[in-house]
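> here is my input; please provide its structure:
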Amino acid sequence: MDIVFAISEVEELVKTGGLADVGKALPLALQALDENICIVMPYYKTLKEQLDLPEDEEVHTLFTEGKVYHFKLKHLQWHGIPVYFIDAPDFFMRDGLYSDAYDAFSDNGERFSFFSGAVLHALKALSLKPQVIHCHDWHTAMLPFLLSNEKTDYFVNTKTVFTIHNAAFQGVHKLDAIPFLRHHPDIGSQVHGGYINMLQSGIEFATKVTTVSPNYATELLTDLGSHGLHERLVNRKNDLSGILNGCDYTQWNPETDSFLPENYTVDNLHAKQTCKKVLQQKSDLPQNVSVPLIGMVCRLTEQKGFGYILPILDDLIAHNIQMVIVGTGDPKVCMDLGEFAQQHPNQFAFINGFSSEHAHLVEAGADFFLMPSQFEPCGLNQMYSLAYGTIPIVRSVGGLKDTVVDTGDNSQRTGFVFDEPSPAALLSCIRRALLAFYEDRDAFRAMQIRGMKTRFTWHSAAQNYQKLYRSMWN
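Take a look at the predicted model:
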């Protein structure tokens, strides 16, 4: 099939978060299944500085009822996949993708509405008539709306798939701030109190709606899980599916990881102790492999469960444990963690920052990895942790529930899971994990090995998307 990815970021090219991981891995996995893929994305300032692609002489003109937009197209062959860039300097020649150092750009609604329209215009200019345009998150959510209201029959044989990567980010903007859409003859149905919700429009107009794990798809049908969009999603529930993201095991593999002081395998975990000692050393903690070490690498936000973690820190360090938390984010959380680390330097370390080396070292050197998220559409760190023999401690939400097994039968357990969104429930779960660490080292080792043998591949995800694409033509 001819499939176009309309997406705002792709790893290796430009990245701010997990969306870019999908933007790289899924097209490559689909290409490996012999699908014909191309990608359309903005030509950001950082891409110009990095790639400096040759100038395209042709200027493309996009008309709306109230304004005229000009842009150029740039092209790159990337891993055998054609990537087309929308080069519109007024919108994309900025230091950030979505924000500057302080705030989101005030014209994001205009920027990405234009991008959605420019994707369709570019496909016409390139004489491409894809069977599927796969849109991702609010940045491309207006594309299904624009395609559905196309006045020509150019895309009459094109279907759209809209993937929700995180329903918390919905692209809500005042229509008056979006000249590209303001005079569109069909926009009235999308306006509520003067605002449009781009995610909502994507849900309404896409042929199929997907999200990044089966359990998150179920959660999206609830008010809490959908952040208020449940009625729209319930209306589309027959067209909604959850397809679990994969994990890039070429980057996250303890056998080959170049960030580790010593590599290890599922058949020989001895070097994991070396990684633990180095992690303790770099975190200024006493080097003692017999003390259980809990690690955490994440954005320091409420979503990641710090409302559950901070109230129980005193109770936690009453146990013979060590903790290492790495990340940046909420200044109040940073301050609280920094103060606690100063008060308990032999048990608790906080690294205010992020580096790939530290992230990989925590995954390899910790005994447990903590992810008590309020919500987690898919999550990747629990997959990395399983691959590294580091036992996940997670809340039963989203993709965490789909990937971490905690049953009464020890022969299947790969981690520890709690349900109730409370500090007490998290504390009880951690204590259960610590008991397993101390009580039966053989069973604990068997749990590590089970996790290391678990695989969540992009090949499997791509096969599921392939079935979805084909189902729209049956």
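> going forward, measure contacts and count neighbours with C-alpha atoms only.
Noted.
> where do the helices sit along the stretch 301-450 of the chain?
With helices called from DSSP state H, counting those that start in this stretch, the stretch 301-450 of the chain shows them at 306-309, 313-316, 331-343, 356-365, 381-387, 398-403, 423-439, 441-453.
> oops, could you answer that again for the stretch 101-250 of the chain instead?
Under DSSP H, counting those that start in this stretch, the stretch 101-250 of the chain gives helices at 108-125, 142-148, 179-182, 198-205, 214-219, 223-226, 230-235.
> could I have the second one exported to PDB, CA atoms only?
Same thing as helix 142-148. Below are the C-alpha coordinates for helix 142-148, written out as PDB (Å, rounded to 0.1, in the frame of the first residue of the first chain):
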ATOM      1  CA  MET A 142      -7.000  18.900  11.300                       C
ATOM      2  CA  LEU A 143      -5.800  17.000   8.300                       C
ATOM      3  CA  PRO A 144      -8.700  14.500   8.300                       C
ATOM      4  CA  PHE A 145     -11.100  17.400   8.700                       C
ATOM      5  CA  LEU A 146      -9.500  19.200   5.700                       C
ATOM      6  CA  LEU A 147      -9.500  16.000   3.600                       C
ATOM      7  CA  SER A 148     -13.100  15.300   4.400                       C
END
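> residues in contact with that helix?
Contacts with helix 142-148, where a contact means C-alpha atoms under 8 Å, 6 or more residues apart in numbering, come from 113, 116-117, 120, 135, 155, 160, 162, 198-199, 201-202, 205-206.
> may I see the buried residues of it?
By neighbour count on 16 or more other C-alpha atoms under 10 Å, the buried set for helix 142-148 is 142-148.
> mind putting the residues you listed into CSV with distance to Lys124 and pLDDT?
Formatted as CSV, the buried residues of helix 142-148 follow (distance: C-alpha to C-alpha, whole Å; pLDDT from 0 to 100):
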residue, distance to Lys124, pLDDT
Met142, 18, 98
Leu143, 14, 98
Pro144, 16, 98
Phe145, 17, 97
Leu146, 14, 96
Leu147, 12, 97
Ser148, 15, 94
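> out of those residues, which is nearest to Ser428?
Closest approach to Ser428 among the buried residues of helix 142-148 (C-alpha to C-alpha): Met142, at 44.5 Å.
> in the stretch 101-250 of the chain, where is pLDDT below threshold?
Counting by pLDDT under 70, the stretch 101-250 of the chain shows no low-confidence range.
> for the stretch 151-300 of the chain, what spans make up the strands?
For the stretch 151-300 of the chain, strands defined by DSSP state E, counting those that start in this stretch occupy the ranges 159-164, 172-174, 191-192, 195-197, 208-211, 240-242, 293-297.
> got the angle between the longest one and helix 198-205?
What that stands for is strand 159-164. 140 degrees (axes from the mean of the first three to the mean of the last three C-alpha atoms, to 10 degrees).
> starting at the chain centroid, how far to strand 159-164?
Its chain's C-alpha centre and that of strand 159-164 lie 16 Å apart, by C-alpha atoms, centre = their mean, to the nearest Å.
> what's next to it, contact-wise?
Residues contacting strand 159-164 (C-alpha under 8 Å, 6+ apart): 131-138, 141, 144, 199, 202-203, 206-212, 472.
> of the residues you listed, buried ones?
Buried among the contacts of strand 159-164 (16+ other C-alpha under 10 Å): 131-138, 141, 144, 199, 202-203, 206-212, 472.
> roughly how far does Trp252 sit from Ala364?
10 Å (C-alpha to C-alpha, to the nearest Å).
> no no, Thr274
With C-alpha to C-alpha as the criterion, Thr274 and Ala364 are 9 Å apart.
> the two: which is more packed in?
Ala364 (35 against 19; other C-alpha atoms under 10 Å).
> tell me the contacts of the more buried one?
Taking C-alpha under 8 Å, 6+ apart, we find Ala364 in contact with 254, 260, 272, 275-276, 385, 388-390.
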